[in-house]
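Colleague: just coords:
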């Protein structure tokens, strides 16, 4: 599976044909538009919340054109402890509206959890709160689910075993990658640096532990299944690094971790 986002109309037809020809599965991430346009699905101002939903609907149409199975979003900015309950209710309403719109195209919605106090500073956020949001949405749209990012869990200071066991009935998509929590280091925050980068939090040992838990909860099944679980790499070269070398880094880290399971 590959993850796509908005593609200029000049190239979208070529990409769609390539997806069809290669028989590959795709998901569609709305993150670039949400972050660049500061769209807030949990805005307490109703007009702002509705505007965010309205601007994402055409992207669902685009995801349909790209044969995507899922459309992934993230919550808006955390408004602080006193307003989180109301923001959570607004987020649920937005997700229900997006699910309803996407249902006609046969696309399912997923919510990705992000950090709350490092860089993205999103409402969702901690796994326990993500679970509450997902439970509410799944009452009406059972195919809704959560995307859990290994690096975001690290930025949230979560224990992966506790979080993954908590969310196991809601996980539909997993990301693996690295992050930096030390403000004095390059790639601070959620910048998807290579594994082993100076100041980074995740490497072979952490990935091995993460994969073991995915096996424990049967996200990585013990027996072959018709539809494979989705585990995506998120890696980005730092200035001066070659993309090919960073990809090789990701593959080697995965192979070493997998051999240790």
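Modeller: That came through fine. Since the model is a prediction, treat every value here as computed from it, not as a measurement.
Colleague: Please make it C-alpha for all contacts and neighbour counts, starting now.
Modeller: Will do.
Colleague: how close does the residue nearest the centre of the chain sit to residue 40?
Modeller: For the chain, residue 112 is the residue whose C-alpha lies nearest the centre (Cα atoms, centre = their mean; 4.0 Å). Plainly put, residue 112 is 14 Å away from residue 40 if you go by Cα to Cα, to the nearest Å.
Colleague: hey, what's in contact with both of the two?
Modeller: Residues touching both residue 112 and residue 40 (Cα atoms under 8 Å, 6 or more residues apart in numbering): residue 75.
Colleague: Would you map the strands across the stretch 151-261 of the chain?
Modeller: Taking DSSP state E, counting those that start in this stretch as the test, the strands found in the stretch 151-261 of the chain are 171-176, 231-233.
Colleague: What mean pLDDT does the last one get?
Modeller: With pLDDT averaged residue by residue, strand 231-233 scores 94.
Colleague: what does stretch 37-52 give?
Modeller: The model assigns stretch 37-52 a mean pLDDT of 98.
Colleague: Adding distance to residue 87 and mean neighbour count, write the strands of the stretch 151-261 of the chain out as CSV.
Modeller: Below are the strands of the stretch 151-261 of the chain laid out as CSV (distance: least, Cα to Cα, whole Å; neighbours: other Cα atoms under 10 Å):
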stretch, distance to residue 87, mean neighbour count
strand 171-176, 22, 20
strand 231-233, 29, 18
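Colleague: any chance of those in JSON lines, with distance to residue 105 too?
Modeller: Below are these laid out as JSON lines (distance: least, Cα to Cα, whole Å):
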{"stretch": "strand 171-176", "distance to residue 105": "18"}
{"stretch": "strand 231-233", "distance to residue 105": "24"}
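Colleague: Which one of those lies nearest to residue 106?
Modeller: With distances scored as Cα to Cα, the stretch of these nearest to residue 106 is strand 171-176 (15.7 Å).
Colleague: Do me a favour and get the end-to-end distance for stretch 231-242?
Modeller: End-to-end span of stretch 231-242 (Cα to Cα): 23 Å.
Colleague: can you pull the buried residues of that stretch?
Modeller: 231, 233, 234, 235, 236, 237, 238 (16 or more other Cα atoms under 10 Å).
Colleague: per-residue pLDDT, residue 228?
Modeller: Looking at residue 228, its pLDDT is 77.
Colleague: and it, how many neighbours?
Modeller: The number of residues packed near residue 228 is 11, by other Cα atoms under 10 Å.
Colleague: dump the residue contacts of the closest residue to residue 106 other than its chain neighbours.
Modeller: Nearest residue to residue 106, sequence neighbours excluded (Cα to Cα, 6 or more residues apart in numbering): residue 69, at 7.6 Å. Taking Cα under 8 Å, 6+ apart, we find residue 69 in contact with 25, 26, 27, 28, 106, 107, 108.
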